[in-house]
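Colleague: build me a model:
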Amino acid sequence: MQGVLYVGHGSRVEKARRQAQNFMETVQRQIDVPLQEICFLELAEPDISEGIKKLVSRGASRIAVIPVLLLSAGHYYKDIPEEVDKVRERFPEITFTYGRPLGVQERVIDLAAERIKETGFSMEDDSEILLVGRGSRNGQTKRDMETIAAGLKERTEASAISVCYLAACRPDFHEGLEGVGKNRRVFVVPYLWFTGILMQEMEKEISKRNASGGSFILCQYLGSHPAMEEALRDAVQEALQKEPAAGTLAAQAL
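Modeller: Take a look at the predicted model:
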């Protein structure tokens, strides 16, 4: 019997955990598979091991593992597969397929542009956009973020768009802020799915800079939007149609 395991990132922030949980539950209701479980990679429970055990105990013989991630990076290529492969050794009779993160999608870029409009501030002739990603040591992350930035610039009237990162990549967030906003309005667009520690840190830093004369407008994160539901639902359907591959889950990610 087919099972689906949603793997969220996890967060120390209770609001972020609740947002992710509620979002995945919403998508679950749109998937016609009776056996579905939600788990988290870190900082929240249940973990991946517990999620797999629950599905097996309910009768799953095939499990589609769905990484609830925006882009392909270390969590997708390494962390999630390693955790799954540790557990699957105990269940050699179970077959696994591995879905993909959302990746670069036009509908998600559209949503990022929508988040700018939702601020209620107009895009002036010399306004700039600072697109902020989580960051990763995997080179694909920077390539994806540059593609997203190009798409976002096409959808707006910004005079310029820059990209920075909250971890593992340069320029970092502080460097990004220093490089923009010279007497201009700057829309800061967090390319994050939900709130969390990183979002809270961004809010504090921008408030501090605005108190010192800056003109930064922090947009909402992507959040629980119909476009995000549709994107994850499509990712689940794609994973359900994949044929199980021999070898480790990490091999399926390549």
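Colleague: contacting residues for the residue most central in space within the chain?
Modeller: Per CA atoms, centre = their mean, the C-alpha nearest to the average position across the chain is that of Leu70, at 3.0 Å. Leu70 sits next to 101-102, 108, 134, 191-193, 222 when contact means CB atoms under 8 Å, 6 or more residues apart in numbering. All C-beta spots, glycine's among them, are computed from the backbone N, C-alpha and C.
Colleague: residue ranges for the helices of this structure, please.
Modeller: If DSSP state H is used as the criterion, the helices of the chain fall at 14-28, 48-57, 74, 80-88, 106-117, 139-155, 173-178, 197-211, 226-241, 249-253.
Colleague: closest to Ile129 out of those helices?
Modeller: Proximity of those to Ile129 was assessed by CB to CB; the nearest stretch is helix 139-155, lying at 6.4 Å.
Colleague: re the thing from before, for the contacts of Leu70, which one is nearest Tyr165?
Modeller: Proximity to Tyr165 was ranked across the contacts of Leu70 by CB to CB; first place goes to Arg134, at 7.0 Å.
Colleague: just checking, the closest one touches Leu198?
Modeller: Yes - counting by CB atoms under 8 Å, Arg134 does reach Leu198; the two are 6.9 Å apart.
Colleague: mutual contacts of those two, please.
Modeller: Residues within reach of Arg134 and of Leu198 at once, by CB under 8 Å, 6+ apart, are 166-167, 192.
Colleague: just the buried ones among the residues you listed, please.
Modeller: Neighbour counting by 16 or more other CB atoms under 10 Å classes 166, 192 among the shared contacts of Arg134 and Leu198 as buried.
Colleague: can you list the shared contacts of Arg134 and Leu198 in CSV and add pLDDT?
Modeller: Converted to CSV, the shared contacts of Arg134 and Leu198 look like this (pLDDT from 0 to 100):
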residue, pLDDT
Leu166, 95
Ala167, 92
Leu192, 97
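Colleague: can you redo the shared contacts of Arg134 and Leu198 as JSON lines with distance to His174?
Modeller: Listed next are the shared contacts of Arg134 and Leu198 as JSON lines, based on distance: CB to CB, whole Å:
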{"residue": "Leu166", "distance to His174": "10"}
{"residue": "Ala167", "distance to His174": "12"}
{"residue": "Leu192", "distance to His174": "17"}
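Colleague: now flag whichever of the shared contacts of Arg134 and Leu198 is closest to Gly181.
Modeller: Checking the shared contacts of Arg134 and Leu198 against Gly181 with CB to CB, the nearest one is Leu166 at 18.0 Å.
Colleague: tell me the domain ranges of the protein?
Modeller: Using automatic domain parsing, the domains assigned to the chain come out as 2-102+225-253, 106-218.
Colleague: distance between the ends of the longest one?
Modeller: Read it as domain 2-102+225-253. Its first and final residues considered, domain 2-102+225-253 spans 20 Å by CA to CA, to the nearest Å.
Colleague: chain center to it: distance?
Modeller: Distance, stretch centre to chain centre, for domain 2-102+225-253: 13 Å (CA atoms, centre = their mean, to the nearest Å).
Colleague: before we move on, what about stretch 217-226?
Modeller: For stretch 217-226, the separation from the chain centroid amounts to 12 Å (computed by CA atoms, centre = their mean).
Colleague: am I right that His174 is in contact with Glu205?
Modeller: Yes - under the criterion of CB under 8 Å, His174 is in contact with Glu205, at a separation of 7.3 Å.
Colleague: tell me who's in contact with Val189.
Modeller: Val189 neighbours (CB under 8 Å, 6+ apart): 112, 115-116, 129-132, 152, 219.
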